[in-house]
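Novice: below is the sequence, then the predicted model.
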Amino acid sequence: MADQPRFLLLGQVLRPHGIQGELKIRLLTDYPERIGELASVYLGEDTDDDDAESYRVQHMRRQNEFALLQLEGIGTREEADTLRQLYVMVALRDAVPLEEGEFYVYQLIGLNVKTEDGESLGTLSEVLETGANHVYIIDSPQYGEVLIPALESTILKTDIEAGILVVKLPEGTLPDK
């Protein structure tokens, strides 16, 4: 399983918006409304960036699937432009508490995936966030890359402590033997 990161991703800076230093960000969180409620966020290159810088949040507003974020100390288009492609993150300790049965993506990466019959498929290597539902990508020694929709009907058990994910494969997921 993956190590615990220092930060969780909220979004990624795409470009400046306007001339007052506002940032247009691609949202990468299930709780985008929370960004505007945070006292501060971190900007850095990845979730373990020791050089990530803290910025106080002035305001955030939604723009379709994006957000416009104003940070204290970033008042011009030029200053905002230097932050392109950096990730907007929250310290793990300040993250939204999860409900029962919810998991952070980093907790799922590396889980051993088994079918309901006990067959080991491989390791969960990536989580794709699609519009309808997440898709789990399994790195399988015998089948190659296996894609499983993360639905109640397909994900039977997630046991982070034991490092196991039990799935019910939809018809046609695996090649015929």
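Specialist: Thanks, I have it.

Novice: contacts, neighbours, all on C-alpha from now
Specialist: OK.

Novice: all helices of the chain, in order?
Specialist: Applying DSSP state H to the chain gives helices spanning 77-81, 105-108.

Novice: and the longest one, what does it pack onto?
Specialist: In this structure, helix 77-81 packs against strand 7-17, strand 22-27, with contacts taken as 3 or more C-alpha pairs under 8 Å, 6 or more residues apart in numbering; DSSP states H and E.

Novice: can you mark which positions in that helix are buried?
Specialist: The neighbour-count check on helix 77-81 (16 or more other C-alpha atoms under 10 Å) flags 77, 79-81 as buried.

Novice: and the contacts of it?
Specialist: With contact meaning C-alpha atoms under 8 Å, 6 or more residues apart in numbering, helix 77-81 is reached by 15-23, 74.

Novice: can you select the buried ones among these for me in PyMOL?
Specialist: The PyMOL selection below is limited to those of the contacts of helix 77-81 classed as buried (16+ other C-alpha under 10 Å):
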select buried, resi 15+16+17+21+22+23+74
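
Novice: for Leu8, give the beta-bridge partners.
Specialist: Applying DSSP bridges to Leu8 yields these beta-bridge partners: Val90.

Novice: surely it and Val96 touch.
Specialist: No - the criterion here is C-alpha atoms under 8 Å, and Leu8 misses it with Val96 at 10.1 Å.

Novice: of the two, who's got more company?
Specialist: Set Leu8 next to Val96 and count neighbours by other C-alpha atoms under 10 Å: Leu8 wins out with 25 against 11.

Novice: gap between the more buried one and Gly118?
Specialist: Here the distance between Leu8 and Gly118 works out to 32 Å (C-alpha to C-alpha, to the nearest Å).

Novice: per-residue pLDDT of the closest residue to Ile164 other than its chain neighbours, please?
Specialist: Nearest residue to Ile164, sequence neighbours excluded (C-alpha to C-alpha, 6 or more residues apart in numbering): Asn112, at 4.8 Å. Looking at Asn112, its pLDDT reads 97.

Novice: mind listing what Asn112 touches?
Specialist: The contact partners of Asn112, by C-alpha under 8 Å, 6+ apart, come to 120-124, 163-165.
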